[in-house]
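>>> From the sequence below, what's the structure:
(chains A, B, C and D)
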4 protein chains.
Amino acid sequence: MISFESDYIAGAHPAILKRLAETNLEAAPGYGSDRFTLSAKEKIRKAVGRDDAEVELLVGGTQTNAVVISSMLADWEGVVAARTGHVSVHEAGAIEYTGHKVLELEPRDGKIVPEILERYLADFHADGNREHMVFPGMVYISHPTEYGTLYTKDELTRISGICRAYGIPLYLDGARLGYGLVSPETDLTLPDIADLTDVFYIGGTKVGALCGEAVVFTHGNRPAHFMNSVKKRGALLAKGRLLGIQFDALFTDGLYFEISRHAIDMAERLKKVFRERGVHFYIDSPTNQQFAVLENETMEALGKKIAFSFWEKADEHHTVVRFATSWSTTEEDIAALDRALQEIQDEA
Amino acid sequence: MISFESDYIAGAHPAILKRLAETNLEAAPGYGSDRFTLSAKEKIRKAVGRDDAEVELLVGGTQTNAVVISSMLADWEGVVAARTGHVSVHEAGAIEYTGHKVLELEPRDGKIVPEILERYLADFHADGNREHMVFPGMVYISHPTEYGTLYTKDELTRISGICRAYGIPLYLDGARLGYGLVSPETDLTLPDIADLTDVFYIGGTKVGALCGEAVVFTHGNRPAHFMNSVKKRGALLAKGRLLGIQFDALFTDGLYFEISRHAIDMAERLKKVFRERGVHFYIDSPTNQQFAVLENETMEALGKKIAFSFWEKADEHHTVVRFATSWSTTEEDIAALDRALQEIQDEA
Amino acid sequence: MISFESDYIAGAHPAILKRLAETNLEAAPGYGSDRFTLSAKEKIRKAVGRDDAEVELLVGGTQTNAVVISSMLADWEGVVAARTGHVSVHEAGAIEYTGHKVLELEPRDGKIVPEILERYLADFHADGNREHMVFPGMVYISHPTEYGTLYTKDELTRISGICRAYGIPLYLDGARLGYGLVSPETDLTLPDIADLTDVFYIGGTKVGALCGEAVVFTHGNRPAHFMNSVKKRGALLAKGRLLGIQFDALFTDGLYFEISRHAIDMAERLKKVFRERGVHFYIDSPTNQQFAVLENETMEALGKKIAFSFWEKADEHHTVVRFATSWSTTEEDIAALDRALQEIQDEA
Amino acid sequence: MISFESDYIAGAHPAILKRLAETNLEAAPGYGSDRFTLSAKEKIRKAVGRDDAEVELLVGGTQTNAVVISSMLADWEGVVAARTGHVSVHEAGAIEYTGHKVLELEPRDGKIVPEILERYLADFHADGNREHMVFPGMVYISHPTEYGTLYTKDELTRISGICRAYGIPLYLDGARLGYGLVSPETDLTLPDIADLTDVFYIGGTKVGALCGEAVVFTHGNRPAHFMNSVKKRGALLAKGRLLGIQFDALFTDGLYFEISRHAIDMAERLKKVFRERGVHFYIDSPTNQQFAVLENETMEALGKKIAFSFWEKADEHHTVVRFATSWSTTEEDIAALDRALQEIQDEA
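Residues are numbered from 1 along each chain as shown, chains lettered A, B, ... in the order given. Below is the predicted model:
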């Protein structure tokens, strides 16, 4: 069945598989000291435009969040996040498992609101009881967010300024960063993000790789003995080459951006199809995840022809469902979706 | 440079890469619910010979140990292991990170000694202070061990009997299980291991896969909500297909055993080469890791021609070094090692 | 200075000190196996009216919350609490330190609202993503709440029913339980609480003891090897007699209730004084904590004569401050407060 | 029954109870900001002879070890201890619960051997695998040890030197420090200990207090936001005065040393009684814990008249038992022990 269930339904972009095959027999040392990983790190450093950036490759997103957050927070600190943030709701308590609280703020369109953040931090430090409270020690944002939305350069600049004023790092979860970088509606570049954050990751799993996320400590601020902390959390891959080769491929000849642009292109066509069929969206997403509001009957009928994800109930008669595009989405997939919608409308 | 540094120096066995390529475009749901994973689990269940076995796929070895041990121990329990066990020394404290102590026993040839285990458990439960102590709640063994040695069927049966008498699970770390199963010196089959242990894992990373370890709960004893515990530890792979396809390939037409036999065959030739060149071994290993004792000068000279691993100092003038074989080791590699040793001897 | 800063500003009720002195030279075994502790447990069991209740004595409130919650939750579970709950905001992340998330609900008057709880649990279990989320595994309420308010019998019965329907324990934090039990506005008895909850604690520290909290597992549901879990969390007191003697005294001749009634009586007089002086309350509290809304000038002037606690800003010109009464509050203290308020009004 | 079971069988030294009674009605702020605590800290700072010392009061020994060790170790570090150390065996895994490994060394007479420590640290840092291992980040010693033995000034100086050479703190567990300081066989003073260690604690619970341990960070090295870390671990006492008053009394007019001297005096008499009755000791202890080796029949007969602690089996026919003295031990207790031994010998 044609599927828009997620952006990780297929294997890897063919260029990645090709590189894995070409390099397969070459002997390489383990744990990330192989030449592919070194090359990938160098290319990423170039792409983010900072000589003092330090890059580390990890396997998955929740793992990356837990490793980065827990190795950067002090004992008495927690991480500030939107209530809808991935670390707040969809990581099964992985941050708390490391002994740290997620301090949740009310979001707007899935994003942290600079004013709310500033007031929260100011109130915290004015509170006479703060010795009994969890110190906010980092701010976590996802970009694109879990709802596909994007921070503007102005918003990110303000959040960054607040973090710097309070001396706490800003961490950007870029599980789908590529889609944010090439969105027609963004005014943020990769170097902008590197300048405005203290640490972020460039998602591989959801942007064409089999697995892998590239963490960028933007200014020589990688935690001491980071490799030990990675190992201690069970996150050190023996065949580090698997990550190195993939990110080396992704950052060769702009593949990462090419993959992202294709997905955004497909998402725009998908939006058009839905709009033409009279379907509304739950939120206006400029990236590869689209949240359509379907009548329950339509949802059921469509579900028999096309795969997508249940998101949440809208009301008694409507449901929010998610359609995601990726490198593997084809024009034919979009056409099939259109036909399916038409058939359902014809039957009604 | 020709390398015997480890059994994870190359990519994946070509048959695995081939399957990844063939299945690449097929849409599949995430997190291990894909058809490849289901097929792999079924094949492994067949191979271990128990209908009540439950199989779960994880990414790496330390991760697997931490997830399995911490999700099976009760709050007041720790895991018993040999002092030389991987969880005791080479996992950067990953078990302790989950809040549990590794209770270390004096090993013999890298193995837990049944008599020592039995006395330890008896003494613990006779101790009036046990309310202030960590309860032994699981026994961890590695097979092959970190020194390449193997438990005999008799030893494993006795350890299993002790564990069952005390009502605690026996966990076997099979990071290199394949090499143990096909060693000419073993009398243990995969079904034997499934019968005698409560949980074990079949190592993929070190036996031809890019990554991946298959955990087998041998008798319907998978912890409740295991997927949540995996996610909470950052160990849940979004593209679970990556693990499923690999294990499906490894357990099709006996590939896992074929890979293992090739490595053992190469190890036997390597042993012969060393013995003929007058080199002794630190320990008599019947598997794919060989620990040679080299004079320091020989070690340095050889290190310029062939890659291997430093293990430990033997005395002032000798060093223990490790040579590992795998699916990617060739007869030519062995011949090159032989030539290198000869050249060094000629120069001396 | 006369102080209403908290209910733990003085030492212990004199009857407790007297018992400590009388028993001082008697030799007793450690760690809670002394005869005083056994007697205290028996008296508490009688007071709660359940033969199957199991009582354990711990030192402090945050410690008790962390020990009880973490030893009763399964690995994949978190604890549901009001956003204003003590475990949510004022324990410096002690619950998260044990690896579990606090799942925060919107409160009303400091209390969990049954309807909100029910909807939350229903929605959770209907969510297709729950394998990626923290399971609600316990409900935590405080009674009296952090705002001095009380659950009615009807509310507690409904919350209890919801918990039982979902098979999760209900835990009541009774740091100030005595004040709730004797409040003129409550319809809940100690046996009611034992019947409706699965575990609760009877606060000693804030009700006349030097330290100490008595945990009651209401129906034979104390976690296995609980003493080891207590020790592991650094919460096992060597001289357990210190807790035993105090709770034995508190539950002899109704001292616990007598102390509580005195404090409530003083709180009622204090409310009268404030009302007569035209001061309003932030919330209508029927227990020993009173939250007055003072004009900032009044607050500053009063603070020079009488000690109390800052709670939070009400608006630009007003502040919420807390006055607490206890066994050590005297009629003279109340009179002094009245005089101080009068002086400030006279000066104005 | 007359008891030598432990040094915490009685309540508090009468001078402590007296101070608790005298100060009982004085209002004081909570959490250690009361004037008694401030006074106690100042007196302890004077006693240790260092202006840059920082003192914090906690409730119990295991709690203190867990708080100090976990708040001073970095993420990638563990604590080095003797295999017989309290943190290694008798704290139910409290250190591991904080996520850190106890790295155990072979002891001699319950003590860490400087040469073994030095070799361990040197080997660790020479190991190419240390990125996969737990870094030794602190050295833990107990003084007196769990066997009543003492470090000499020379031994402590050497261990201190090794720690400083490797840049890791030395932590001394002084649960029974008083007995070590006044032992006739020691050449170490309290200022010596403050100079040679980085952090230590002065035990109260086992030296006459109801509870309480005074942690001394010897040179301005208290961890940042220590109070939050204490709270987070459930170790912050609301009525901090309980600890402050006790330590203030203990360090007024040399009470701490007087208590200790009395116990040592009683221990010397006890040793004399045993020796005259032909009983040997398991180890030569110069402090208040004495480990006698009794024939099993003698042990059983004596156990009917006098209370003491089982320690461990010596051989089939003999058992090691512990006798502890304290401030509450009287000459009559010693005489009663003597009579009991005589009666047993007469009956034999």
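
>>> Now do the same contact list for the residue of the stretch 201-348 of chain A found nearest chain B.
Here the stretch 201-348 of chain A gets closest to chain B at one residue, residue A:234, 3.4 Å apart by Cβ to the nearest Cβ. For the C-beta atoms, the positions are set from N, CA and C on the backbone; glycine is no exception. Residue A:234 makes contact with B:60, B:62-67, B:91, B:94, B:233-235 under the criterion Cβ atoms under 8 Å, 6 or more residues apart in numbering or on different chains.

>>> again, only using 6 Å
Residue A:234 sits next to B:62-63, B:66, B:94 when contact means Cβ atoms under 6 Å, 6 or more residues apart in numbering or on different chains.

>>> what's the burial count for residue A:271?
Residue A:271 has 18 neighbours, counted by other Cβ atoms under 10 Å in any protein chain shown.

>>> Please identify which helix or strand holds it.
Taking DSSP states H and E as the criterion, residue A:271 maps to helix A:255-276.

>>> In that helix, which residues are buried?
For helix A:255-276, a neighbour-count test (16 or more other Cβ atoms under 10 Å in any protein chain shown) marks A:255-271, A:273-274 as buried.

>>> Stretch A:214-232 now?
Neighbour-count burial for stretch A:214-232 [16+ other Cβ under 10 Å]: A:214-219, A:222-223, A:225-232.

>>> Those in helices, which ones?
Among the buried residues of stretch A:214-232, the residues falling in helices (DSSP state H) are A:226-232.

>>> which of the residues you listed lies closest to residue A:38?
residue A:227 (14.4 Å; Cβ to Cβ).

>>> now the helices for chain A?
Using DSSP H, helices in chain A cover A:14-22, A:35-48, A:61-72, A:86-89, A:94-97, A:114-126, A:153-166, A:177-182, A:190-196, A:226-232, A:241-250, A:255-276, A:296-303, A:331-347.

>>> between these, which gets nearest to residue C:280?
Among the helices of chain A, helix A:114-126 comes nearest to residue C:280, with 23.0 Å by Cβ to Cβ.

>>> So the closest one, near chain C or not?
No. In terms of Cβ under 6 Å from any Cβ of the partner chain, no part of helix A:114-126 sits within range of chain C; the closest distance is 8.4 Å.

>>> Show me what counts as buried in that helix.
Judged by neighbour count (16+ other Cβ under 10 Å), helix A:114-126 contains these buried residues: A:114, A:117-118, A:120-121, A:124.

>>> Dump those into JSON lines; add distance to chain D and pLDDT as well.
Below are the buried residues of helix A:114-126 laid out as JSON lines (distance: Cβ to the nearest Cβ, whole Å; pLDDT from 0 to 100):
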{"residue": "A:114", "distance to chain D": "26", "pLDDT": "98"}
{"residue": "A:117", "distance to chain D": "21", "pLDDT": "98"}
{"residue": "A:118", "distance to chain D": "22", "pLDDT": "98"}
{"residue": "A:120", "distance to chain D": "18", "pLDDT": "98"}
{"residue": "A:121", "distance to chain D": "16", "pLDDT": "98"}
{"residue": "A:124", "distance to chain D": "12", "pLDDT": "96"}
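
>>> which of these sit farthest apart?
Longest span within the buried residues of helix A:114-126, Cβ to Cβ: A:114 and A:124, 15.8 Å.

>>> how near is residue A:81 to chain D?
Counting by Cβ to the nearest Cβ, to the nearest Å, the separation of residue A:81 from chain D is 19 Å.

>>> isn't that residue right up against residue A:101?
No. Using Cβ atoms under 6 Å, residue A:81 makes no contact with residue A:101, being 10.2 Å away.

>>> Can you report how many residues neighbour residue A:345?
Per other Cβ under 10 Å, the neighbour tally for residue A:345 reads 12.

>>> Please tell me how far the nearest residue to it once chain neighbours are set aside sits from residue A:269.
Using Cβ to Cβ, 6 or more residues apart in numbering or on different chains and skipping the chain neighbours, the partner closest in space to residue A:345 is residue A:277 (6.7 Å). As judged by Cβ to Cβ, to the nearest Å, residue A:277 and residue A:269 stand 13 Å apart.

>>> Equivalent analysis for residue A:283, please.
Taking Cβ to Cβ, one finds residue A:283 at 19 Å from residue A:269.

>>> how close does residue A:204 sit to chain D?
For residue A:204, the distance to chain D equals 23 Å [Cβ to the nearest Cβ].

>>> what comes up buried for the helix or strand bottoming out on mean pLDDT in chain A?
Lowest by mean pLDDT, DSSP states H and E among the helices and strands of chain A is strand A:309-313, with a mean of 91. Across strand A:309-313, burial judged by 16+ other Cβ under 10 Å covers A:309-311.

>>> Let me know the pLDDT of residue A:128.
If you check residue A:128, the pLDDT there is 81.

>>> What parts of chain A come near chain B?
So chain A meets chain B at A:3, A:6, A:8-11, A:17, A:21, A:24-25, A:27, A:30, A:59-60, A:62-63, A:66, A:92-94, A:97, A:205, A:210, A:228, A:231-232, A:234, A:237-239, A:242 (Cβ under 6 Å from any Cβ).

>>> burial count for the nearest residue to residue A:256 once chain neighbours are set aside?
The spatial neighbour of residue A:256 that comes closest, neighbours along the chain excluded (Cβ to Cβ, 6+ apart), is residue A:250 at 4.3 Å. By other Cβ under 10 Å, the residues close to residue A:250 number 31.

>>> Tell me which residues touch whichever residue of the stretch 151-300 of chain A sits closest to chain D, please.
Here the residue of the stretch 151-300 of chain A nearest chain D is residue A:228; by Cβ to the nearest Cβ that distance is 3.7 Å. Residue A:228 makes contact with B:92, D:76, D:131 under the criterion Cβ under 6 Å, 6+ apart.

>>> Just the buried residues of these.
Among the contacts of residue A:228, those classed as buried by 16+ other Cβ under 10 Å are B:92, D:76, D:131.

>>> wait, isn't residue A:305 in contact with residue A:340?
Yes. In terms of Cβ under 6 Å, residue A:305 counts as a neighbour of residue A:340; the distance is 4.2 Å.

>>> out of those two, which sits in the more crowded spot?
Between residue A:305 and residue A:340, counted using other Cβ under 10 Å, residue A:340 has the larger neighbour count: 19 against 15.

>>> residue contacts, that one?
Contact analysis of residue A:340 by Cβ under 6 Å, 6+ apart lists A:302, A:305-306.

>>> Over to residue A:83?
Neighbour list for residue A:83: A:104, A:107 [criterion: Cβ under 6 Å, 6+ apart].

>>> go with 10 Å
A:89, A:102, A:104-107, A:110, A:112, C:104 (Cβ atoms under 10 Å, 6 or more residues apart in numbering or on different chains).

>>> Roughly how far does it sit from residue C:107?
The value you get for residue A:83 to residue C:107, if Cβ to Cβ is used, is 15 Å.

>>> same check, this time on residue A:157
35 Å.

>>> Near chain C, which residues of the stretch 101-250 of chain A are found?
By the rule Cβ under 10 Å from any Cβ of the partner chain, the part of the stretch 101-250 of chain A lying against chain C is A:101-104, A:123, A:126-135.

>>> What number of residues are in the vicinity of residue A:202?
With other Cβ under 10 Å as criterion, residue A:202 counts 27.

>>> no no, residue A:104
Residues within reach of residue A:104, counting by other Cβ under 10 Å, total 19.

>>> Residues that sit against both of residue A:81 and residue A:101, list them.
Counting by Cβ under 10 Å, 6+ apart, the shared contacts of residue A:81 and residue A:101 are residue A:95.

>>> quick one: the residue nearest to residue A:256 and residue A:209 touch, right?
Yes. Between residue A:250 and residue A:209 there is a contact under Cβ atoms under 10 Å: 6.5 Å.

>>> shared neighbours of those two, which are they?
Common neighbours of residue A:250 and residue A:209 are listed as A:12-13, A:16, A:256, A:259 (criterion: Cβ under 10 Å, 6+ apart).

>>> All good on my end, thank you.
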